[in-house]
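Chemist: the following comprises the amino acid sequence and a computationally predicted model.
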Amino acid sequence: MQSVLTIAGSDSCGGAGIQADLKTFEAFGVYGASVVTVLTAQNTTGVKDIFEVDAKFVKAQIDSILDDFDIKVIKVGMLFNKKIIKTVKDAIKDLDIPIVLDPVFVSKAGSALLETEAIKELKDFCQYAKVITPNLYEAKQLFDYNENEEHDLAKIRDYKTNVLIKKHKKEINDILYSIDYLYTKTDIKSFYTPYIRTKNVHGTGCTLSSSIAANLALGKDLEEAIRVSKEYVYEAILKAPNLGKGSGVINHKV
């Protein structure tokens, strides 16, 4: 069994963060280890409070896992502040392990999950990832991405990594699709699933990135890992249990 590590925040309602990551890893048959960076008091309606883990303890968790497990892929999620970002970056950037970086800025319910002064440090971290997975808002913050100029590679190539930008919508033959674009150094690939009109989307970003990490660990190339992951998230939304008063959780066991 392959082992995958998630370095991310804890979601007390279980739909996003390390909880979503571990559920996703299990769904794909890989073993999931975790490093907690931040504790959140949250539910589907929003984040009520945030308690950051001391950066030294974050490093201790990383060292503990890497000393014992043969980690195949590392997924990185919510890091919250500059000190934690730098600690995580310095601990894993030179490892010969692919990194899937989900640059978490804001929750689905609109709560800020990254301190403003930490954005520059996060930008620097991006260059060490195999792929980063920003949504439209995060892409705008990272490299002034404009969805109306979705194929402007110049703004993205400076990142020296693959960039998967999520959450585009496009109507084709009277059918509305959700489209993610993968920008590589030389090409652009599109990944489509039908758009589902629903409030049940809590944790979809975390789930997509952790699914990509799991599938990379299983030996798939990046494009195939993304294709499988986008289909998995589509099914997870489609079969959501309809729990929560706000942005409802999805079903990781599909």
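Modeler: Arrived safely. Predicted model only: the values in this text are computed from it and were never measured.
Chemist: by contact count, what packs against the longest helix seen in the chain?
Modeler: Scanning the chain for the longest helix, with DSSP state H as the assignment, gives helix 222-238. In terms of contacts (3 or more C-beta pairs under 8 Å, 6 or more residues apart in numbering; DSSP states H and E), helix 222-238 is packed against strand 175-183, strand 188-194, helix 204-217. Bear in mind the C-beta positions are built from the backbone N, C-alpha and C, glycine included.
Chemist: so I50 touches L39, yeah?
Modeler: Yes. Applying C-beta atoms under 8 Å, one finds I50 in contact with L39, separated by 7.3 Å.
Chemist: that older thread, buried stuff in the longest helix of the chain?
Modeler: Within helix 222-238, the residues that count as buried by 16 or more other C-beta atoms under 10 Å are 222, 225-230, 232-234, 236-237.
Chemist: for stretch 36-50, same thing?
Modeler: Within stretch 36-50, the residues that count as buried by 16+ other C-beta under 10 Å are 36-40, 42-44, 47, 50.
Chemist: show me where pLDDT drops low in the stretch 51-200 of the chain?
Modeler: 107-111, 148-155, 157-159 (pLDDT under 70).
Chemist: where along it do the helices fall?
Modeler: Residue ranges of the helices in the stretch 51-200 of the chain, as given by DSSP state H, counting those that start in this stretch, are 55-68, 82-92, 119-126, 136-143, 154-157.
Chemist: who wins for proximity to I99 among those helices?
Modeler: Comparing the helices of the stretch 51-200 of the chain against I99 with C-beta to C-beta, the closest turns out to be helix 82-92 (6.5 Å).
Chemist: what's the angle between that closest one and helix 119-126?
Modeler: Comparing the axes of helix 82-92 and helix 119-126 via axes from the mean of the first three to the mean of the last three C-alpha atoms, to 10 degrees yields an angle of 10 degrees.
Chemist: can I get helix 82-92 as CSV, trimmed to CA atoms?
Modeler: The C-alpha trace of helix 82-92 is given here as CSV (Å, rounded to 0.1, in the frame of the first residue of the first chain):
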residue,chain,number,x,y,z
LYS,A,82,3.9,33.2,7.0
LYS,A,83,5.7,31.3,9.7
ILE,A,84,3.9,28.0,9.1
ILE,A,85,4.3,28.3,5.3
LYS,A,86,8.1,28.9,5.6
THR,A,87,8.4,26.0,8.1
VAL,A,88,6.6,23.6,5.8
LYS,A,89,8.4,24.8,2.7
ASP,A,90,11.8,24.4,4.2
ALA,A,91,11.0,21.0,5.6
ILE,A,92,9.8,19.4,2.3
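Chemist: pick out the residue closest to the middle of this structure.
Modeler: Of all residues in the chain, the one closest to the mean position by C-alpha atoms, centre = their mean is D102, 3.3 Å from it.
Chemist: quick check, it in contact with G77.
Modeler: Yes. Judged on C-beta under 8 Å, D102 makes contact with G77 at a distance of 4.9 Å.
Chemist: between those two, which contacts overlap?
Modeler: Shared contacts of D102 and G77 (C-beta atoms under 8 Å, 6 or more residues apart in numbering): 8, 206, 209.
Chemist: burial of the second one, as a residue count?
Modeler: It stands for C206. 28 (other C-beta atoms under 10 Å).
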